[in-house]
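**Q** No letters, just coordinates:
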């Protein structure tokens, strides 16, 4: 196997990680729907087990990709014949890393934490509040509030996948803030929170938690706006 083939496989795995993240968002959405319609649905536990299993798979794939990258980086500097032992070396190193992990760490996965926060927040609402919040808000008020609540401070457009900073509590679009963090780190610099006046000078990926409730509000706003525009055109 050539290194180019290995790199192609890693690219496919990274695409799988994106799909896995989308799947975890869907699991959270389904769980929130259940909470809003059935206060103590037994299905919530099953969905929690599902998202924990997804978190395990996400973790393991990330560790595997990192292991392969580490091993192939070492091979690049050696003789071509080192490729023959590449598979065994990856398996050995990956097994060592996985053996040191604990399932308790899965509860710290960003999307698992977002799942729990979303469920707890949804369960604290009664059915009337949830209905008013998600379906029966006046469209004109919703449109007025959108610019303040749903706009990413980096892109200045409506967020698609909002994440919340656990330190300063500001929201950003996930892709935009991750891009900024990685750019600053490549420059050997810390990433300052892009919200004007914020004193948080060191935004880290580990500080960011997906905000599924805000994401649902944005999606509902888009549906309401589309419906309103359709009515106006008619």
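**A** Nice, I can see it. This is a predicted model, so every value here is computed, not measured.

**Q** Relative to residue 15, how far out is the closest residue to residue 218 other than its chain neighbours?
**A** Distance criterion Cβ to Cβ, 6 or more residues apart in numbering; nearest residue to residue 218, sequence neighbours excluded, is residue 150 at 5.1 Å. The C-beta positions use only the backbone N, C-alpha and C, and glycine is treated the same way. Remark: distance between residue 150 and residue 15 (Cβ to Cβ, to the nearest Å) = 28 Å.

**Q** do you know how far the residue nearest to residue 218 is from residue 22?
**A** Residue 150 sits 20 Å away from residue 22, going by Cβ to Cβ.

**Q** Check residue 50 too.
**A** 14 Å.

**Q** Now residue 180: which helix or strand?
**A** Per DSSP states H and E: residue 180 is located in helix 174-186.

**Q** Give me the below-cutoff pLDDT ranges for this protein.
**A** Applying pLDDT under 70 to the chain picks out residues 1-3, 38-41, 75-83, 123-148, 230-234.

**Q** Which parts of this structure are helices?
**A** For the chain, applying DSSP state H gives helices covering 3-37, 43-76, 86-99, 110-123, 127-134, 139-149, 174-186, 212-233.

**Q** Give me the more crowded residue out of residue 50 and residue 22.
**A** The neighbour comparison of residue 50 against residue 22 (other Cβ atoms under 10 Å) goes to residue 50, with 16 against 11.

**Q** List the residues that contact that one.
**A** By Cβ atoms under 8 Å, 6 or more residues apart in numbering, residue 50 lies in contact with residue 27.

**Q** thinking again about what came up before, tell me which of residue 150 and residue 15 has more neighbours.
**A** residue 150 (21 against 10).

**Q** Roughly how far does the nearest residue to residue 35 once chain neighbours are set aside sit from residue 42?
**A** Leaving aside its sequence neighbours, residue 35 sits nearest to residue 122 (Cβ to Cβ, 6+ apart; 4.2 Å). Counting by Cβ to Cβ, the gap from residue 122 to residue 42 is 16 Å.

**Q** And for residue 52?
**A** 17 Å.

**Q** So the two - more neighbours on which side?
**A** A count of neighbours by other Cβ under 10 Å puts residue 52 above the other of residue 52 and residue 42, at 16 against 8.

**Q** Pop the domain breakdown of this protein in here.
**A** Using automatic domain parsing, the domain parsing of the chain gives 3-119, 137-233.

**Q** residues touching residue 61, list them.
**A** Residues in contact with residue 61 (Cβ under 8 Å, 6+ apart) are 13, 16, 17, 20.

**Q** what do you get for residue 63?
**A** For residue 63, the contact set (Cβ under 8 Å, 6+ apart) comprises 94, 97, 98, 101.

**Q** try 7 Å this time
**A** 94, 97, 98 (Cβ atoms under 7 Å, 6 or more residues apart in numbering).

**Q** Which residues are in contact with the residue nearest to residue 208 when sequence neighbours are not counted?
**A** Sequence neighbours aside, residue 163 is the residue nearest to residue 208 in space, at 4.3 Å (criterion: Cβ to Cβ, 6+ apart). By Cβ under 7 Å, 6+ apart, the residues touching residue 163 are 171, 172, 174, 177, 208, 209, 210, 211.

**Q** Between helix 3-37 and the helix holding residue 180, find me the angle.
**A** On the basis of axes from the mean of the first three to the mean of the last three Cα atoms, to 10 degrees, helix 174-186 is oriented at 130 degrees to helix 3-37.
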